[in-house]
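A.B. asks: A structural model of the following input is requested.
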Amino acid sequence: MYAMSLGDDGAELRPLEPWQADEFLAHMDRGREFIGARNGLPDVVTDLESSRAFLRGYAEKVASDTGRIHGIWLGDGTLVGAVILRSLDTRSGRAEAGCWLEPAGAGRGLVTRAARALIDWAIEVRGIRRVEWVVASGNGPSIAVARRLGMTRDGVLRESYAYRGELHDEEVWSVLASEWRSAKPADSAS
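C.D. replies: Sure, this is the predicted structure:
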């Protein structure tokens, strides 16, 4: 297993796998209300079997090279969130990234650092030319991450997302490989 440091605070980015279903469920239980305010995942991961099934779905995406999930762990070893490539299509050169955090991980810059690492991998290693970030218009924290990642808002899909009985607008943000590379500091360019 490998881990990538997310900075001097001891936080790490690591793959999340089905054998970690207990830990993933505990994370979801701690953040259920907070995460569920903006993300439907807590409605999907409700018990150990659904936790295992969710992670198994991403293991299948890894095996077929169509997606990824990486957990964000604090220095004390607590899983507090994740970043994902919901889709990864190397033929078309497109991917969609996403994230979530429980309250213990919020406000530390963890998602931005973790998403930066995952997007960089998608572009530099897998040859992705466009990474999208699709977010409900009311999700200010996620929109702020898209901005910090240097993404551009491509548009708004009006009333495109039904969540808990309400229709929500979604914003599509993206970064192109050429923009990503030109925004990198010279000492970190691949």
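
A.B. asks: list of residues touching stretch 120-138?
C.D. replies: 38, 65, 85, 88, 90, 93-98, 119, 142-143, 145-146, 149, 151, 154, 156, 161, 163, 168-177, 180-181, 190 (C-beta atoms under 8 Å, 6 or more residues apart in numbering). (Each C-beta comes from the backbone N, C-alpha and C, glycine too.)

A.B. asks: ok, 7 Å please
C.D. replies: Stretch 120-138 is contacted by residues 38, 85, 88, 90, 93-97, 119, 142-143, 146, 151, 156, 161, 168-177, 180, 190 when judged by C-beta atoms under 7 Å, 6 or more residues apart in numbering.

A.B. asks: same question for stretch 144-153.
C.D. replies: Taking C-beta under 7 Å, 6+ apart as the rule, stretch 144-153 contacts 99, 111-112, 115-116, 119, 133, 135, 171, 173-175, 179-180, 183.

A.B. asks: over to stretch 89-107?
C.D. replies: Contacts for stretch 89-107 (C-beta under 7 Å, 6+ apart): 27, 30-31, 34-35, 39, 41, 65, 72, 74, 78, 80-88, 110-111, 115, 118-119, 122, 126-134, 142, 145.

A.B. asks: how does it look with 6 Å?
C.D. replies: With C-beta atoms under 6 Å, 6 or more residues apart in numbering as the contact definition, stretch 89-107 has outside contacts at 30-31, 34-35, 39, 80-81, 83-88, 111, 115, 119, 122, 126, 128-133.

A.B. asks: neighbouring strands - and their directions - for the helix or strand where Tyr161 lies?
C.D. replies: Element membership for Tyr161 (DSSP states H and E) is strand 152-163. Using DSSP bridges, the strands paired with strand 152-163 are strand 166-176 (antiparallel).

A.B. asks: what residue ranges in the chain score low on pLDDT?
C.D. replies: Along the chain, segments meeting pLDDT under 70 span 1, 185-190.
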